[in-house]
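> Please work out how this folds:
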Amino acid sequence: MIERFFHALERRLAAATTNRVVRPFDWGLDWMDPGGDPSVDPAQRLERAAAAALADPDWFASSPCPGYALEGDRLTFPSQIETPHAANNTVRARYFPAASGDRGRAVLVLPQWNADAEGHVGLCRFLARVGISALRLSLPYHDARMPPELERADYIVSANVGRTLQVNRQAVLDARRAVAWLDARGHERIGILGSSLGSCLASLTAAHEPRITAAALNHVSAYFADVVWDGLSTEHVRAGLDGAIELDRLRRLWLPISPLPYVDRLRGTRVLLVYARYDLTFPVHLSRRFVAELEHRGLRPRVFALPCGHYTTGEAPFKWLDGYVLIQFLRRHL
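Reported below is the predicted structural model:
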């Protein structure tokens with residue numbers, strides 16, 4: 001009965017968003033294999049490019065940033081990846097220094113997909129009040145980084161397979177440059193907190209960024225493709241994929257931006273996994289499979305199951321419970 005109640009509520013909350021667009025399928029070779037042989041089958045070209053990215057230890061390697069600019073609480077710096085959209089090539093973040101003036105601890109915060117400019121700002125302010133500085137990063141193609149033709153951040157998750165790969169890679173590289181800024185500012189203990197899509201990106205960042213010692217991952221899955229394929233919030237993306245690609249192939253192609261291949265790199269990092277028992281956007285069986293995989297590999301993450309769904313995580317009283325669990329974990333392990 002409780003499950004039926006939350007599932008109905010989740011569908012009602014999801015239906016409140018009316019500007020989702022079904023975009024056409026595209027292999028996205030101009031994003032992942034622009035100089036490839038046009039005589040080769042596009043699917044094979046992208047398979048090779050994805051396999052090469054997964055095998056390349058430098059695919060998520062961060063280069064030194066040429067310069068940061070902090071004006072008030074607004075931080076900007078150039079993205080390591082240059083996309084065709086100028087607005088997306090400048091990374092934007094907001095800095096919330098700890099109220100105590102202690103620069104020892106800091107957290108990089110990655111909000112959920114389609115978060116507006118105020119998403120997670122309240123959480124950042126609370127972190128600052130309890131003595132942890134927070135840097136809230138705008139994801140690629142979000143808020144001020146969104147080109148004028150978009151109403152939603154469609155270019156980071158869509159039926160364009162190659163673009164989705166490259167833009168999520170861009171998000172991780174942006175996050176690593178943000179961590180470098182926190183380090184240069186004198187923060188000695190750095191954590192990361194991500195929600196939904198931000199959780200996937202936070203996992204990838206923590207796996208490749210040695211300066212991160214604690215990762216709070218809010219809504220989790222082992223595979224990027226499975227969430228898009230089965231999730232409530234991505235039904236319009238699935239509609240663009242249907243008939244053009246099967247889940248097994250999509251899972252292989254999006255493996256470089258999935259947490260599972262990199263979990264062994266999280267050894268030595270304190271990890272919190274939060275999932276929601278009645279989640280239809282990150283279906284709960286995917287979250288539990290990820291938890292089981294980390295436990296099987298001996299990583300011993302801290303795990304918390306919220307008694308709600310995905311959208312209802314943002315509603316009272318569940319948002320307070322979620323925030324308490326995330327903040328307490330970071331206070332304890334930073």
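
> quick one: the strands in this protein?
With DSSP state E as the criterion, the chain has strands at 69-71, 74-78, 90-96, 105-110, 133-137, 189-195, 212-218, 270-276, 302-306.

> what's the angle between the second one and strand 90-96?
Right, the one you point to is strand 74-78. Interaxial angle of strand 74-78 relative to strand 90-96 (axes from the mean of the first three to the mean of the last three Cα atoms, to 10 degrees): 150 degrees.

> ok, back up a step: now tabulate the strands of the chain in a markdown table and tack on mean pLDDT, mean neighbour count and distance to E3.
Every residue, glycine included, has its C-beta placed from N, CA and C. Shown next, in a markdown table, are the strands of the chain (pLDDT from 0 to 100; neighbours: other Cβ atoms under 10 Å; distance: least, Cβ to Cβ, whole Å):
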| stretch | mean pLDDT | mean neighbour count | distance to E3 |
| --- | --- | --- | --- |
| strand 69-71 | 97 | 10 | 47 |
| strand 74-78 | 98 | 17 | 42 |
| strand 90-96 | 98 | 21 | 37 |
| strand 105-110 | 98 | 28 | 29 |
| strand 133-137 | 97 | 27 | 33 |
| strand 189-195 | 98 | 27 | 22 |
| strand 212-218 | 98 | 25 | 21 |
| strand 270-276 | 98 | 23 | 12 |
| strand 302-306 | 98 | 17 | 13 |
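
> Could you dump the ones you listed into CSV with distance to S287 added?
As requested, those are exported to CSV (distance: least, Cβ to Cβ, whole Å):
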stretch, distance to S287
strand 69-71, 36
strand 74-78, 32
strand 90-96, 28
strand 105-110, 18
strand 133-137, 23
strand 189-195, 13
strand 212-218, 10
strand 270-276, 4
strand 302-306, 8
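
> Out of those strands, flag the one nearest L321.
Proximity to L321 (Cβ to Cβ) singles out strand 302-306 among these, at 6.6 Å.

> which neighbours does the closest one have in its sheet, and in what orientation?
strand 270-276 (parallel) (DSSP bridges).

> low-scoring stretches of the stretch 51-200 of the chain, by residue?
For the stretch 51-200 of the chain, the stretches with pLDDT under 70 are 101-103.

> show me where it has helices.
Remark: helices assigned in the stretch 51-200 of the chain by DSSP state H, counting those that start in this stretch are 121-129, 161-184, 197-208.
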